[in-house]
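Trainee: here are the coordinates; sequence isn't available:
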Ligand code: HEM
C-alpha cells in the first residue's frame with residue numbers, strides 16, 4: 001500500500017467512479033476473506049460435509065462471494081470500457097479478473113473434492129489474499145489519479161496574452 005502511494009504516477013484523469021468502486025470491492029473482499037477464515041478455523045466445511053452441522057457458516061461464505069463477484073466484475077468491465085485509462089490500472093484490473101476466476105474455481109474444487117487436496121485449500125487462501133492486494137493497489141492508484149485530476153490545473157497551451165482571457 002505504501003509502495004503504491006510512493007511510486008511515480010502521472011494520472012490520466014479519466015478514472016471517474018472507479019476509485020469508489022474499487023474501494024467497495026476491497027471492503028467486500030476483506031469481509032469475504034474473513035468469512036473464509038471463519039469457515040476454515042471452525043472446520044465448518046468438514047462438519048457440514050460429514051455430519052451436516054455448521055453449514056450456516058459455510059453458506060455465509062458462499063453468500064459473501066456474491067457481492068465480491070459483482071463488485072470485481074463491475075470494476076473489470078468499467079475499467080475495460082474506460083478509454084485512456086492508465087495502463088497500470090488496466091493491467092491491475094486484468095489481474096483482478098484472472099484472480100477472481102481462479103479463486104472461484106479453487107473454491108468450487110475444494111468443496112467438490114471434499115477438502116481432501118491440501119494444496120487447493122492453501123491456493124484458495126493465497127489467491128484470496130492476492131486478489132485483495134491487487135484491489136488495494138488499484139484503489140490507491142485510482143484515488144491518486146482522481147486527486148491529481150482535481151488538484152492540478154490543466155496545462156495552458158495558448159498564452160493568455162494571445163487569447164485576451166484573464167488567467168483563472
Ligand atoms: C471471491 C470469492 C472468495 C474468496 C475471496 C474466498 C476466500 C477464502 C478464504 C480466505 C478462505 C480461508 C482459507 C484458509 O484459511 O485455509 C476460504 C475458505 C473456503 N472457501 Fe472460499 N473464497 C471465495 C469463494 C469461495 C467459493 C465460491 C467457494 C465454493 C463454492 C468457496 C469455498 C471455500 C471452502 C469450502 C473453504 C474452507 C476450506 C477449509 O475448511 O479448509 N470459497 N475462502
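Mentor: Nice, I can see it. For clarity, every value in this text was computed on a predicted model and none was experimentally measured.
Trainee: Which residue, neighbours along the chain excluded, lies closest to residue 144?
Mentor: With sequence-adjacent residues excluded and distances taken as Cβ to Cβ, 6 or more residues apart in numbering, residue 144 is closest to residue 9, at 5.6 Å. Yep, even glycine has a C-beta here, placed from its N, CA and C like the rest.
Trainee: ok, now how distant is the one you found from residue 51?
Mentor: 53 Å (Cβ to Cβ, to the nearest Å).
Trainee: the more surrounded of those two?
Mentor: residue 9 (15 against 9; other Cβ atoms under 10 Å).
Trainee: is it true that the more buried one touches residue 89?
Mentor: No - using Cβ atoms under 8 Å, residue 9 is not in contact with residue 89; the gap is 9.8 Å.
Trainee: gap between residue 76 and residue 90?
Mentor: 10 Å.
Trainee: More neighbours: these two, which one.
Mentor: Neighbours were tallied for residue 76 and for residue 90 using other Cβ under 10 Å; the higher tally belongs to residue 76 (18 against 14).
Trainee: For that one, pull up the helix or strand it's in.
Mentor: helix 55-81 (DSSP states H and E).
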